[in-house]
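K.L.:
Quick one, fold the following:
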Amino acid sequence: MTHALRASALGPAFDLLAAYAAPRGFFFEREGLGVAAPSLADGLQIGAASDLRSLARQSLRVLADIDSDSVAPMAVGALPYAAKDASLWVPRRMVGRSDDGETWLLELEGDPEGEPTAFLPERVFGDLPHEAFRAMQLSEKPAASVYAAAVASAVERIGSSDLEKVVLARTLQVGAGRDLDARRLAHRLRAVEPHCFTFAAPTGDGGRAVRTLVGASPELLVSLRGARVRSMPLAGTAPREGDADEDLASAESLAASSKNREEHAIVVAAVAEVLGGFCDDLSFDAEPVLEPTANVWHLATRFEGTLRDTSVSALDLVAELHPTPAVCGTPEIIARAMISELEGFDRRAYAGPVGWVDARGDGDWAISLRCAELEGDRATLYAGAGIVAASDPAGEVDETDRKFRAFLDSLRWS
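P.N.:
Numbering: from 1, shown residues only. Predicted structure coming up:
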């Protein structure tokens, strides 16, 4: 089947969120740049692939077969953490804004996979928040005490095995008592975290799902433009404080923390090893830098390099990097087994890659963190923490609680 891509220029003031519709649309934006689509269900599906390497190969083949005179065809998606049965989609209609600020309406011509979705852009406006959620509307899985015991078990095993780090997460189930609006939630998250990657994507049965993953992630897994590669892994967290002096003290304490620096160094070493196999002139911060979000400080390291082989795509790099020790642990095989044993739930798309890749191989991919999966009047919130030998179970419970509280506040606007 032959497909062609038609591109029409839009004005620079176009709000990408106006092109997104829940639950089957896709939205991925940082500082005004990104892509949005009203639906993936009527687009061109790529996959489902058994692993990310296969998906990367399939994606470039499919995108290369789409005719386009100007803008490169693009595939988008939120991929499962486990990377099994992963799919991407070429939306039938989407809007993209590139690094040069140009905004395009992209329309895929040819027989659709399903009934075409009307493209009726609609701006999102702020609204008053709903009341705070009551305790009876919230259910932890696992409970804080069970999570603390899991952290303690992990710390014990780190001290007596080859395991260096494992990332353990927990969930918070919310019964909102009203239909939750993914679009309004994305609008709120974008306002609160303008420097993060705000995203909304269908999960489960590809573009036909009714569950929607929505979040604002501070973590860049990988970005590729031509031969230029960038990444910014995060590991190590401290709370933000309302008082300026206390906030500075929290940041300085994080920067000096041997526990957090150990956790971060494990991630940096893994990313450097992977990208070093693909890049010349790979450079990264000699010391971690402080990366602020609205509620927490992170330790971050900025990577930049030049591809040796320009046939390598952004999704190829995702396949080699994911999962980094920032979301899994090291050694990976041992950490994966411990996550499966101790977490007690399926991560699905939480901590998986989310983003886009185009026919040139360029792309941006973040990690699905600070997120929730919405379905009707229910939401599943996810939060995790990196566990190393010096981790304190009570401290890790507090870190995940803080992440939950921050997201619950934004959820009141949906």
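
K.L.:
drop to CA atoms for contacts and neighbour counts, all remaining ones
P.N.:
Noted.

K.L.:
Summarise which helices and strands the helix or strand bottoming out on mean pLDDT in the chain is packed against.
P.N.:
Between all helices and strands in the chain, the lowest mean by mean pLDDT, DSSP states H and E belongs to strand 44-49, at a mean of 86. Counting contacts by 3 or more C-alpha pairs under 8 Å, 6 or more residues apart in numbering; DSSP states H and E, strand 44-49 packs against helix 52-64, strand 86-90.

K.L.:
tell me which residues of stretch 330-339 are tucked away?
P.N.:
By 16 or more other C-alpha atoms under 10 Å, the buried positions in stretch 330-339 come out as 330, 332, 334, 335, 336, 338, 339.

K.L.:
which of those lies closest to residue 132?
P.N.:
residue 339 (31.5 Å; C-alpha to C-alpha).

K.L.:
my read is the closest one is in a strand, agree?
P.N.:
No. Secondary structure of residue 339 (DSSP: H, G, I helix; E, B strand; the rest coil): helix, not part of a strand.

K.L.:
Spit out the contact partners of the residue nearest in space to the middle of the chain.
P.N.:
Closest residue to the average C-alpha location of the chain: residue 368 at 2.3 Å, with C-alpha atoms, centre = their mean. The contact partners of residue 368, by C-alpha atoms under 8 Å, 6 or more residues apart in numbering, come to 78, 215, 216, 217, 349, 350, 351, 352, 353, 354.

K.L.:
what's the spacing between it and residue 157?
P.N.:
27 Å (C-alpha to C-alpha, to the nearest Å).

K.L.:
Save the helices and strands packed on strand 44-49 as TSV, and put in mean neighbour count too.
P.N.:
As requested, the helices and strands packed on strand 44-49 are exported to TSV (neighbours: other C-alpha atoms under 10 Å):
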stretch	mean neighbour count
helix 52-64	20
strand 86-90	26
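
K.L.:
still on that earlier bit, nearest spatial neighbour of the residue nearest to the centre of the chain, skipping sequence neighbours?
P.N.:
residue 351 (4.7 Å; C-alpha to C-alpha, 6 or more residues apart in numbering).

K.L.:
wouldn't the one you found be in contact with residue 81 here?
P.N.:
Yes. Between residue 351 and residue 81 there is a contact at 5.7 Å, judged by C-alpha atoms under 8 Å.

K.L.:
the more surrounded of those two?
P.N.:
Neighbours were counted for residue 351 and for residue 81 using other C-alpha atoms under 10 Å; residue 351 has more, 29 against 21.

K.L.:
who touches the least confident helix or strand of the chain?
P.N.:
The contact list for strand 44-49 (C-alpha under 8 Å, 6+ apart) reads 55, 58-59, 62, 84-92, 112-113.

K.L.:
what does stretch 245-263 give?
P.N.:
With C-alpha under 8 Å, 6+ apart, stretch 245-263 has contacts from 165, 235-241, 288-290, 297-299, 386-391.

K.L.:
For it, which residues meet the burial criterion?
P.N.:
Applying 16+ other C-alpha under 10 Å to stretch 245-263 flags 247, 250, 251, 254, 255, 259, 260, 261, 262, 263 as buried.

K.L.:
Narrow the residues you listed to those in strands?
P.N.:
Mapping the buried residues of stretch 245-263 onto strands (DSSP state E) picks out no residues; all lie outside.

K.L.:
any idea which of those residues is the one closest to residue 412?
P.N.:
Closest to residue 412, out of all of these and judged by C-alpha to C-alpha, is residue 247, at 25.4 Å.

K.L.:
Between the two ends of stretch 268-287, what distance do you get?
P.N.:
End-to-end distance (C-alpha to C-alpha), stretch 268-287: 10 Å.

K.L.:
any idea how far that stretch is from the chain center?
P.N.:
Mean C-alpha position of stretch 268-287 versus that of the full chain (C-alpha atoms, centre = their mean, to the nearest Å) differs by 21 Å.

K.L.:
Could you do stretch 137-157 as well?
P.N.:
23 Å.

K.L.:
I'd like the helices and strands packed on strand 44-49 as TSV, with mean pLDDT appended.
P.N.:
As requested, these are exported to TSV (pLDDT from 0 to 100):
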stretch	mean pLDDT
helix 52-64	95
strand 86-90	94
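
K.L.:
Please identify which of these is closest to residue 19.
P.N.:
Per C-alpha to C-alpha, nearest to residue 19 of those: strand 86-90, 15.0 Å.

K.L.:
C-terminal to that closest one, what's the next element?
P.N.:
strand 93-97 (DSSP states H and E).

K.L.:
Compute the distance from the centre of that next one to the centre of its chain.
P.N.:
The answer for strand 93-97 is 19 Å, by C-alpha atoms, centre = their mean.
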